[in-house]
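Engineer: This is the structure alone, sequence omitted:
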């Protein structure tokens, strides 16, 4: 496995772990409210929250983390 493939794998796994955590927190904090609304609306709400947090917080953080991991060592 070359460095590019390793970098993509680490980025993918980190993004998955971040998304898993965000969805878990959404259901933990709003589970009762989410259970009371219809499934299509529930999916819209959860996917909207997930997209906003992933794009604006998690992916920039993950990008910096992966760049730091693969930075050339001095």
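Structural biologist: Received it, and whenever you're ready, just let me know what you need. Every value quoted in this text rests on a predicted model; they were computed, and no experiment measured them. Residues are numbered from 1 along each chain as shown.
Engineer: pLDDT (mean, whole number) over the longest helix belonging to the chain?
Structural biologist: Counting by DSSP state H, the longest helix found in the chain is helix 3-35. For helix 3-35, the mean pLDDT works out to 92.
Engineer: What average pLDDT does the helix or strand that that helix is followed by get?
Structural biologist: Note on helix 3-35: by DSSP states H and E, the next helix or strand toward the C-terminus is helix 39-53. On average, the pLDDT along helix 39-53 is 95.
Engineer: who does helix 39-53 touch, helix- and strand-wise?
Structural biologist: helix 3-35 (3 or more CB pairs under 8 Å, 6 or more residues apart in numbering; DSSP states H and E). Just so you know, the C-beta spots here come from the backbone N, C-alpha and C atoms, and that holds for glycine as well.
Engineer: Give me the buried stretch members for the helix it packs on, please.
Structural biologist: Neighbour counts over helix 3-35 (16 or more other CB atoms under 10 Å) mark 11, 14-15, 18, 22, 26, 34 as buried.
Engineer: counting contacts, what elements does that helix pack onto?
Structural biologist: helix 39-53, helix 59-69.
Engineer: In TSV: these, plus distance to residue 1.
Structural biologist: What follows is the helices and strands packed on helix 3-35, written out as TSV (distance: least, CB to CB, whole Å):
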stretch	distance to residue 1
helix 39-53	29
helix 59-69	15
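Engineer: Could you export those to JSON lines, including columns for distance to residue 30 and mean neighbour count?
Structural biologist: Formatted as JSON lines, these follow (distance: least, CB to CB, whole Å; neighbours: other CB atoms under 10 Å):
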{"stretch": "helix 39-53", "distance to residue 30": "8", "mean neighbour count": "13"}
{"stretch": "helix 59-69", "distance to residue 30": "23", "mean neighbour count": "13"}
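Engineer: Go through these and name the closest to residue 6.
Structural biologist: helix 59-69 (9.4 Å; CB to CB).
Engineer: The closest one - what's its average pLDDT?
Structural biologist: 92.
Engineer: Tell me what angle that helix forms with helix 39-53.
Structural biologist: Orientation check (axes from the mean of the first three to the mean of the last three CA atoms, to 10 degrees): helix 59-69 against helix 39-53 gives 50 degrees.
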